[in-house]
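> Predicted coordinates and the sequence they were generated for:
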Amino acid sequence: MKNWFDEKTGQVKPESFTAFDIAISSRYGKAYEIIEMLNFSQQISRKNMAHYVKSIFYDSKGCICNFELESTVINGGQISSQLLDIARNTISQFMWFDRVEVGLEPDEEG
């Protein structure tokens, strides 16, 4: 019987897809990571901000999410601050420009 909660066991296939025109990917296909990225994408889409985010990658091995933002998003700017607030409310741990941010407690068990 497969242990769905082993470190490298993929829980969701495919691990990469597009939602709200944002490329989303999880290294090991962890359900909680994909849920967090979808929640973030949905919230920024509701605020008509999805076009500022090109892609989101959750590095399952490092337990950290990375964002690829449009070049018009500058650190400390209004758009950056709004996206950061949403990320803090939807993503457990992520890189924001050059620093690590901690948001939600991860729900690894689902």
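Received the coordinates, thanks. As the structure is a computational prediction, the values presented were derived from the model and not from experiment.
> Now Ala23: closest residue in space that isn't a chain neighbour?
Using Cβ to Cβ, 6 or more residues apart in numbering and skipping the chain neighbours, the partner closest in space to Ala23 is Ser55 (3.9 Å). Just so you know, the C-beta spots here come from the backbone N, C-alpha and C atoms, and that holds for glycine as well.
> Centroid-nearest residue for the protein?
Geometric centre of the chain, nearest residue: Met37, 3.6 Å, by Cα atoms, centre = their mean.
> doesn't it fall inside a helix?
Yes: counting by DSSP: H, G, I helix; E, B strand; the rest coil, Met37 is part of a helix.
> can you pull the contacts of it?
Ala19, Ile24, Ser26, Ile56, Tyr58, Cys65, Ile91 (Cβ atoms under 8 Å, 6 or more residues apart in numbering).
> was I right about the fourth one contacting Cys65?
To tie it back to what came earlier, the one meant is Ile56. Yes: using Cβ atoms under 8 Å, Ile56 is in contact with Cys65, at 6.4 Å.
> Quick one: the helices in this protein, in order.
31-46, 78-90 (DSSP state H).
> out of the ones you listed, deepest packed?
Most buried of the helices of the chain by mean neighbour count (mean count of other Cβ atoms under 10 Å) is helix 31-46; its value is a mean of 20.
> Next one, pLDDT for Leu38 please.
Looking at Leu38, its pLDDT is 98.
> Could I get the contacting residues of it?
Ala19, Ile24.
> can you check Phe40 too?
Ile56, Ile86, Ala87, Thr90, Ile91.
> mind running it again at 10 Å?
By Cβ atoms under 10 Å, 6 or more residues apart in numbering, Phe40 lies in contact with 19-20, 22, 24, 50, 53, 56, 65, 67, 83, 86-91, 94, 103.
> returning to that earlier point: among the contacts of Met37, name the ones in strands.
Judged by DSSP state E, strands contain the following of the contacts of Met37: Ala19, Ile24, Ser26, Ile56, Tyr58, Cys65.
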